[in-house]
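Trainee: just to be clear, the model below is a prediction. Sequence and coordinates:
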Amino acid sequence: MWLKLVYLLKAAADRRCAFIWLLALTGCYQTSSRNEASSVAPGAGDGLIRYAQGFQIRQEKDYQLLDIVVPFRAGADTLHYVLLKKGSSIPEGFSQSQVIYIPVKSVAVTSNLHAGAIDRLEAWDFLVAAGDGGQLYSPKIREKIRAGTIQEIYKGNTLNQEKVLELRPDVLMVTGSPEAGPEAYSNIVKSGIPVIINSEWLENSPLGRAEWIKLMAALLDRQNFADHQFAFVESSYRHVAELVRKSAEKKPGILLGNEYQGTWYMPGGKSFMATLLSDAGAHYHWKDNDQTGGIPLNFEAVYPVALDADFWLNIYVSSPRDGKKELIASDSRYADFKSVRSDRLYSLANRVNEAGANDYWESSSFRPDLLLADYVKILHPDLLPEHTLYYCIKLD
């Protein structure tokens, strides 16, 4: 049940209803948003998958094997793909696998996150279609949508399969869901268009999520570029986490997200957000919970913890300006919270463009080092004196 709910929240975040998804998420070091040429971890460029649990890429002599876990049914399915250089023959034994000839020249995506991978790899010219272009943040991609070189392939909240068949991209990347397994795209696959079902949002590790950049890179033959980008992020993340481990003197209590329609979803103790908060030196009340998904709670269960939490993070309000006033207007009991009385309220809306698209949904999975640095700056400001909040913003 939780898996189904999380997918619906993820889909909402990719388009119009980022609020709901927020409920489920709920020194001398200076971070960088783009300049990543220095300080990379050992193993940069070797192409190995070290953190992600949902996919693997194996290099054979003349081809690569891509396996993606699709864990939506009893006993997880694994989808198999063969990545071949153009002009190569399909190896024996893979007649049932989808074959993708690389490097692909055209990609269609259905998720903001997948568009974010294209943006991070600077592969804008390869993107020919996106789910809901109006909700994308990337200036480069928005420019191409206005120019008509990137088409929209969502009709309302539904993939327009006829449009995909008309565009005939070299590959279509979709978000895995309990309802939309491989059979949902059988007509597209039968037409000769490979469909990659991507489930990066199920990863429990921040670096595991970030490592999915290597999948997109394999399709575009940009592995070295992606490997070095990831190595920088890995090094940056580990540096900040270690700084916190050695230097943070206390662990401030935190509250996450908002109540929605009578339920307050807190990340399970084994979730990626719980890992991120632990690395940020936060005291998270549900850290010992053994779930990887979310914990549905009523207001009464959260209230005693919320009363004494030092900070309230990942809040959804319509705008950070007058956000505190909006919170209290939505439920007067919020005024009792310590974080509200002390004005320690933060949302993830620091990077929102004129159309209301939030860069958090596109890039944060690939930059967990910046999100971690934001949390550390909020919770332990003396540890990162030169860091400027990137995704987070304080509510007025």
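Mentor: On my side now, so go ahead.

Trainee: from here on, just use CA atoms for contacts and neighbour counts.
Mentor: OK.

Trainee: I'd like the next helix or strand past whatever helix or strand Met216 lives in.
Mentor: Secondary structure from DSSP states H and E places Met216 in helix 213-220. Note on helix 213-220: by DSSP H and E, the next helix or strand toward the C-terminus is helix 223-247.

Trainee: immediately after that next one, which helix or strand?
Mentor: Heading C-terminal from helix 223-247 (DSSP H and E), you reach strand 254-256.

Trainee: what packs against that next one?
Mentor: helix 299-308, strand 311-315 (3 or more CA pairs under 8 Å, 6 or more residues apart in numbering; DSSP states H and E).

Trainee: distance of the nearest residue in space to Gly134 that is not next to it in sequence from Gln135?
Mentor: Closest residue to Gly134 apart from its sequence neighbours, by CA to CA, 6 or more residues apart in numbering: Ala355 at 7.2 Å. Distance of Ala355 to Gln135, given as CA to CA, to the nearest Å: 7 Å.

Trainee: the more surrounded of these two?
Mentor: Comparing Ala355 with Gln135 by other CA atoms under 10 Å, the one with more neighbours is Gln135, at 21 against 10.

Trainee: for the more buried one, phi and psi?
Mentor: phi -100, psi 20 (degrees, to the nearest 10).

Trainee: show me the domain layout of the protein.
Mentor: 2-32+232-394, 55-226 (automatic domain parsing).

Trainee: okay, the helices and strands packed on strand 254-256, which one's buried deepest?
Mentor: strand 311-315 (a mean of 23; mean count of other CA atoms under 10 Å).

Trainee: which parts of stretch 164-171 are buried?
Mentor: Val164, Arg168, Pro169, Asp170, Val171 (16 or more other CA atoms under 10 Å).

Trainee: kindly reformat those residues as TSV containing pLDDT, secondary structure and distance to Val82.
Mentor: Listed next are the buried residues of stretch 164-171 as TSV, based on pLDDT from 0 to 100; DSSP: H, G, I helix; E, B strand; the rest coil; distance: CA to CA, whole Å:
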residue	pLDDT	secondary structure	distance to Val82
Val164	97	helix	22
Arg168	98	coil	19
Pro169	98	coil	17
Asp170	98	coil	14
Val171	98	strand	13
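
Trainee: for Phe94, helix, strand, or coil?
Mentor: coil (DSSP: H, G, I helix; E, B strand; the rest coil).

Trainee: repeat that for Tyr185.
Mentor: Quick answer, by three-state DSSP: Tyr185 is helix.

Trainee: what sits against it?
Mentor: Contacts for Tyr185 (CA atoms under 8 Å, 6 or more residues apart in numbering) come out as Val195.

Trainee: where does the prediction get shaky in the stretch 201-350 of the chain?
Mentor: Within the stretch 201-350 of the chain, no range satisfies pLDDT under 70.

Trainee: show me what the closest residue to Ile49 other than its chain neighbours is bridged to.
Mentor: Distance criterion CA to CA, 6+ apart; nearest residue to Ile49, sequence neighbours excluded, is Gln56 at 6.5 Å. Judged by DSSP bridges, the bridge partners of Gln56 are Asp67.

Trainee: do you know how far Gln59 is from Thr78?
Mentor: 18 Å.

Trainee: what's near enough to touch Asp396?
Mentor: Pro320, Arg321, Asp322, Gly323, Lys324 are the contacts of Asp396 under CA under 8 Å, 6+ apart.

Trainee: now the buried members of these.
Mentor: Neighbour-count burial (16+ other CA under 10 Å) is assigned, among these, to Pro320, Gly323, Lys324.

Trainee: between these, which is closest to Leu389?
Mentor: Closest approach between those and Leu389, by CA to CA: Pro320, at 13.8 Å.

Trainee: in three-state terms, label that closest one for me.
Mentor: coil.

Trainee: I'd say it and Ile393 touch.
Mentor: Yes - taking contacts as CA atoms under 8 Å, Pro320 lies within contact range of Ile393: 7.2 Å.

Trainee: the residue nearest to Ile49 contacts Leu79, correct?
Mentor: No - with contact defined as CA under 8 Å, Gln56 does not count as touching Leu79 (10.7 Å).

Trainee: could you name every residue contacting both of the two?
Mentor: With CA under 8 Å, 6+ apart, Gln56 and Leu79 have common neighbours Asp67, Ile68.

Trainee: ok, the closest residue to Glu200 other than its chain neighbours - contacts?
Mentor: What sits nearest to Glu200 in space, not counting adjacent residues and going by CA to CA, 6+ apart, is Arg209, at 5.7 Å. Neighbour list for Arg209: Ala52, Glu200, Trp201, Glu203, Ser365, Phe366 [criterion: CA under 8 Å, 6+ apart].

Trainee: at 7 Å what do you get?
Mentor: Contact partners of Arg209, counting by CA atoms under 7 Å, 6 or more residues apart in numbering, are Ala52, Glu200, Trp201, Glu203, Ser365.

Trainee: so it belongs to a strand, correct?
Mentor: No - counting by three-state DSSP, Arg209 is located in no strand; its state is helix.

Trainee: from here on, count from 38
Mentor: Got it, the first residue is 38 from now on, which makes the last one we talked about Arg246.

Trainee: state the distance from it to Phe309.
Mentor: For Arg246, the distance to Phe309 - CA to CA - is 9 Å.

Trainee: all set, thanks.
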